[in-house]
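Visitor: What shape does this take:
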Amino acid sequence: MVRDNKNPGGSSRSRRPYRSFPTILYEMVDDPSTDSMISWSESGKSFIIWNQPEFCNNVLPKYILRNDMSIFKTFGFRKVDSERWEYANDDFVRGKPELTAEIQKRFMATVPPEVFGCKNAAKAARDMERVRALAMAF
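Guide: Residues are numbered from 1 along each chain as shown. Modelled structure (predicted):
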């Protein structure tokens with residue numbers, strides 16, 4: 001077996017760096033080759049899914065494990081227009097990809113910062129149970 005020096009685990013598969021769903025979504029929306037399925041709105045403060053079945057069945061599964069629209073709600077996107085599949089998030093704006101780093105899963109945004117500290121282990125354990133319960137709800 002030949003060991004891959006770039007991959008200390010020894011696997012021959014290359015590992016891609018972690019990219020969050022909002023970052024991946026930004027790239028999809030910003031890619032002109034996907035404009036027939038998903039693109040920026042005219043204002044650049046939202047995006048529109050033009051062909052929802054094709055997007056869910058052919059595009060979304062290539063980037064993430066899920067192929068349903070509930071993932072947008074998980075990350076705090078709101079539906080803008082009831083007549084079409086248009087979604088927005090204050091930190092998802094055309095020309096500002098750096099803002100996607102501010103978008104977090106909703107349950108993580110509600111976790112108090114002290115949960116991740118070690119000051120009070122018993123309280124941290126209770127808070128982590130709360131996080132798990134919230135995660136299960138989504």
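
Visitor: okay but residue 52 is in contact with residue 60, surely?
Guide: No - contact criterion CB atoms under 8 Å: residue 52 and residue 60 do not qualify, at 10.0 Å. In this view, the C-beta of every residue, glycine as well, is placed from N, C-alpha and C.

Visitor: So between those two, which is more surrounded?
Guide: Neighbours per residue (other CB atoms under 10 Å) separate residue 52 from residue 60, with residue 60 holding more: 22 against 13.

Visitor: How much space separates the more buried one from residue 25?
Guide: Separation of residue 60 from residue 25 (CB to CB, to the nearest Å) stands at 9 Å.

Visitor: next one: residue 91
Guide: 12 Å.

Visitor: Which residue of these two possesses the greater neighbour count?
Guide: Of the pair residue 91 and residue 25, residue 25 is the one with more neighbours under other CB under 10 Å, namely 24 against 17.

Visitor: Got phi/psi on the more buried one?
Guide: For residue 25, the backbone dihedrals (degrees, to the nearest 10) come out as phi -60, psi -40.

Visitor: Contact partners for it?
Guide: By CB atoms under 8 Å, 6 or more residues apart in numbering, the contact set of residue 25 is 47, 92, 100.

Visitor: surely the first one meets residue 89?
Guide: Spelled out, it's residue 47. No - using CB under 8 Å, residue 47 makes no contact with residue 89, being 9.5 Å away.

Visitor: more neighbours, the two?
Guide: Comparing residue 47 with residue 89 by other CB under 10 Å, the one with more neighbours is residue 47, at 25 against 20.

Visitor: Can you tell me the closest non-neighbouring residue to that one?
Guide: Of all residues not flanking residue 47 in the chain, residue 29 sits nearest, at 4.5 Å (CB to CB, 6 or more residues apart in numbering).

Visitor: Could you give the number of residues near that neighbour?
Guide: Residues near residue 29, counting by other CB under 10 Å, number 22.
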